[in-house]
Every structure is written in C-alpha cells, then in structure tokens.
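1. Need coordinates for the below:
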Amino acid sequence: MNIQSLGFSLFFEDQLHAFMGEKKYEKCVPARVGLEHKHAYRVISEHGEWLAAVSGLYAYEAIDRAEYPAVGDWVLVEKMDGENRAIIHKLFKRKSQFSRKIAGREVEEQLVATNVDFVLLVMSLNADFNIRRLERYLVAAWDSGATPVIVLTKADLCEDVDRYLKEVQAAAIGVDIFVTSSYTGEGIEQIRALFKEGITGALLGSSGAGKSTLTNALYGDALMDVSDIREDDAKGRHTTTHRELVLLPGGGCLIDTPGMRELQLWDQGDSLAASFRDIEEWASACRYRDCTHKSEPGCAVNAAVDNGELEFSRLQSYFKLQKELAFLERKTNVQAKLAEQRRWKQLSKDHKKKYK
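-> Model prediction:
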C-alpha cells in the first residue's frame, strides 16, 4: 500500500517529521482511519490494515469528542507484537473537517468526515428534492475547508431535469454540478475523474439520495448495500449505518456516510457569505452598512426581491441560517470557556499530584 495513494500529502509529512523527533513515537507509523465504531477503529497503513484503539493516555487527555479520531483522520499507531491490532497514540492536525451539531438540545460537535478534498453533496431528482436543504448543506460544506460539489442523482427518473438544474444553479453559485444516473451511467465518469490518486471525497446527503448506489457505480461493483425509497413520500431508508473510507480501483478515496434526516450547522466562519454570494453582493449596495434587510430604506436586497431578481424564500432561508449560526456562536463561546476551565483544572490537579 502506497501511503501517498491514501492521501498522505506534504501537509501530513511535515507533521510526521516533527512527531518522529520524539522518542516515544519511534515505533509508530502513520495510518488512516477507515472505519470507526464507538471508539473502535480500523486503520490502514503501508504495512496493512489493523483494528485499533486509542491509548489510555490519549483517552485521558481528550476533552471532547472532536479530539478523538474520525473516519478520514491520519493517526500515529504502534502495532502490537504478534497481533493484528494497533494502539493510536497521536492525531495529526486536520486539513479539513465536515462537522455538524449532534442531534438534540446538547451543543456538541459531531465529526462527519475529515481530511477530504471534495464534499459531494448528493440530492436525488425526485419528490425528496429540497433546495432549502441544499443551501444548508452548502453552508456546512464551505465551512469544512473542502471544495463542495453537487451531485444530482436519479436523472433517469426525472421528467424535467432542466427545471431542477436551474434551481440548483441559482442556489449554488460557483459550485460544480453533476447530473447523474447510476442506471444509465450518465455523469459517472465525470465524477470518477475527480478522484485522482491521493484525492479524497466524502458523500453527504439525506437517506435515499443514492449515495451508496453512487459508491457502487464509482467502485464498479456492489460494494455497499442499497435500499429502495418509500413509495408514499419518496424518502429513503437508512442503508449506510456507519462512515467508511473506500479505496477506489482507479485511484483516490471515497468516504460514504449515513443519510441525514437533519443537518444542524456547527460553525460558520465565512461559510454563510460563500453560500449566499448573491445576497452578499446586493447587501454591499444597501444605503446603510448595518442594514438588516428587513425594513430599512434604500435596501438593495429587498429591491432585488421586489424586482424578481431574488426569491423571497431564499432570503428567508438566509435569515434562518444567519439566526441559527448566531445562536450557535453564543453557545459555543460559553462552552469553549468552560472546556478551557476544565483543562486548566485538570492540569492543576496533575501538577499537585506530581509534587505532592
């Protein structure tokens, strides 16, 4: 196994050189997390695939879930003598990560996929098509640090592809869009061409969007189980139940993920502006710099709605996501302070024990 084909780039090589300067890592080798299940992992290295778990020290020092490895992560592992198992000692810094807020009221990050070059946002051209959901996925994708790509599936079941395509083009300015059908093969080669050696992509979308079918088409074999959609509402059943990194025969890596009924945003950065470039451009022409685009005179955004250049529903979606991100920022700032306090409290305890 060539480690570069797994996506081990200069970004990670530089970190490896720094790690190898420490004696405690002299028996370790870099490996990529291919599968995760409740803090049990399958890792892939140049020397083979092993089952792995984090070391006791690693678990002790980890403050939250985001500090544990996720599918796509690079880690330093030490193979156990005489066993097909390894211990994870160190997590490499991530070059990108797609995160969401975990379901429920708790404000905590869930890593969906890490160290990906492309985030393939998959949506089917059937009754489950939802442009507002796609806008939400785009915000999260831009925030991940990876390049978003939109994949519209099941084109063979759609009678008016152009209508859907125009909707997506209006909502995803500057994003590459591929129309595909795993049944006819339309668009599959264009998607496959993205996955050159060392390139990683992650498939993200709702249940029944066709992610596992697309994975099988790209792989060229029935690698993932697939399920039919429900006839009553065109929504899918969960087929993929875990995240898994797949090595494609033609080069590159693909991470398939479980379908999401709901994507709650985690962080924002400049992702909202990147996803709603049209609104941001109109906003720059507003009379007031702090215009909220609600009732101010001279608002260029509302003028765009009035003259039909901007859909009111898209503006409402922008407001909704803006409000959600502002709330999340307030919550995460409070939690970050609490986490830092817990970290210093633990360090203080360790210091007292050491010199007792």
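2. Residue ranges in the stretch 51-200 of the chain under the pLDDT threshold?
-> For the stretch 51-200 of the chain, applying pLDDT under 70 flags the ranges 100-110.
3. for it, what spans make up the helices?
-> Shown for the stretch 51-200 of the chain, the helices assigned by DSSP state H, counting those that start in this stretch span residues 56-61, 131-144, 161-171, 188-192.
4. buried ones in stretch 29-38?
-> For stretch 29-38, a neighbour-count test (16 or more other C-beta atoms under 10 Å) marks 29-36 as buried. No exception for glycine: its C-beta is placed from N, CA and C like everyone else's.
5. before we move on, what about stretch 182-199?
-> Buried residues in stretch 182-199, counted by 16+ other C-beta under 10 Å: 182, 186-188, 191-192, 194-195, 198-199.
6. okay, among those residues, which ones form the most distant pair?
-> Across these, no pair lies farther apart than Glu186 and Gly198, at 27.0 Å, counting by C-beta to C-beta.
7. Backbone dihedrals for Val116, both of them.
-> Dihedral pair for Val116: phi -110, psi 150, per degrees, to the nearest 10.
8. can you tell me which residues contact it?
-> Counting by C-beta atoms under 8 Å, 6 or more residues apart in numbering, Val116 makes contact with 72, 96, 98, 144, 146, 200-202, 255.
9. related to what we said a few turns ago, so which of the buried residues of stretch 182-199 comes closest to Ser284?
-> The nearest member of the buried residues of stretch 182-199 to Ser284, counting by C-beta to C-beta, is Leu194 at 32.9 Å.
10. Is it correct that the closest one is in contact with Ala146?
-> No - judged on C-beta atoms under 8 Å, Leu194 makes no contact with Ala146 at a distance of 11.8 Å.
11. Common neighbours of the two, please.
-> Phe118.
12. Ser275 contacts Glu135, correct?
-> Yes - between Ser275 and Glu135 there is a contact under C-beta under 8 Å: 6.3 Å.
13. I'd guessed Gly251 sits against Arg192; true?
-> No - with contacts counted by C-beta under 8 Å, Gly251 stays clear of Arg192, the gap being 9.3 Å.
14. tell me which residues form a beta bridge with the most centrally placed residue in the chain?
-> The centroid of the chain falls nearest to Phe98 when counting by C-alpha atoms, centre = their mean (2.7 Å). Per DSSP bridges, the residues bridged to Phe98 are Ala113.
15. Would you map out the domains in this protein?
-> As given by automatic domain parsing, the domain ranges for the chain are 3-91, 97-256, 271-341.
16. Going along the chain, name the helices of the stretch 251-356 of the chain.
-> 271-275, 277-283, 300-306, 312-354.
17. Would you single out the least confident of the ones you listed?
-> Ranked by mean pLDDT, those bottom out at helix 312-354, with a mean of 66.
18. related to what we said a few turns ago, from Val139, how far off is the residue nearest to the centre of the chain?
-> 11 Å (C-beta to C-beta, to the nearest Å).
19. what's the burial count for the closest residue to Lys90 other than its chain neighbours?
-> Spatial nearest neighbour of Lys90, chain neighbours left out: Leu76 (3.9 Å); criterion: C-beta to C-beta, 6 or more residues apart in numbering. Counted with other C-beta atoms under 10 Å, the neighbours of Leu76 add up to 23.
20. and if you look at Glu324?
-> Counted with other C-beta under 10 Å, the neighbours of Glu324 add up to 17.
21. which secondary structure element contains Arg202?
-> Careful, residue 202 is Ala; it's not Arg. Following DSSP states H and E, one finds Ala202 within strand 200-205.
22. That strand to helix 131-144, inter-axis angle?
-> Angle of strand 200-205 versus helix 131-144, following axes from the mean of the first three to the mean of the last three C-alpha atoms, to 10 degrees, is 150 degrees.
23. Write down the beta-bridge partners of Tyr41, one by one.
-> Beta-bridge partners, per DSSP bridges, of Tyr41: Glu36, Ala52.
24. for Ser124, same thing?
-> Bridge pairing for Ser124 (DSSP bridges) gives the partners Thr153.
25. hang on, it packs against Ser207?
-> No - counting by C-beta under 8 Å, Ser124 stays clear of Ser207, with 10.3 Å between them.
26. neighbour count winner among those two?
-> Ser124 (28 against 19).
27. how about that one, what does it touch?
-> Contact partners of Ser124, counting by C-beta under 8 Å, 6+ apart, are 152-154, 208-210.
28. Thr215 - how many residues pack around it?
-> Thr215 has 23 neighbouring residues, counting by other C-beta under 10 Å.
29. What separation is there between it and Leu157?
-> For Thr215, the distance to Leu157 (C-beta to C-beta) stands at 19 Å.
30. cool, and His37?
-> 34 Å.
31. What distance do you get for Gly7 to Arg192?
-> For Gly7 relative to Arg192 (C-beta to C-beta), the value is 17 Å.
32. now Val116
-> Relative to Arg192, Val116 is positioned 16 Å away (C-beta to C-beta).
33. Run a quick check on Asp73 versus Ala113, I expect a contact.
-> No - Asp73 is beyond contact range of Ala113, at 9.5 Å (criterion: C-beta under 8 Å).
34. what about Thr213, helix or strand, and which?
-> helix 211-219.
35. That helix vs strand 200-205, what angle?
-> 150 degrees.
36. so what does helix 211-219 touch, helix or strand wise?
-> strand 147-153, helix 188-192, strand 200-205, strand 253-256 (3 or more C-beta pairs under 8 Å, 6 or more residues apart in numbering; DSSP states H and E).
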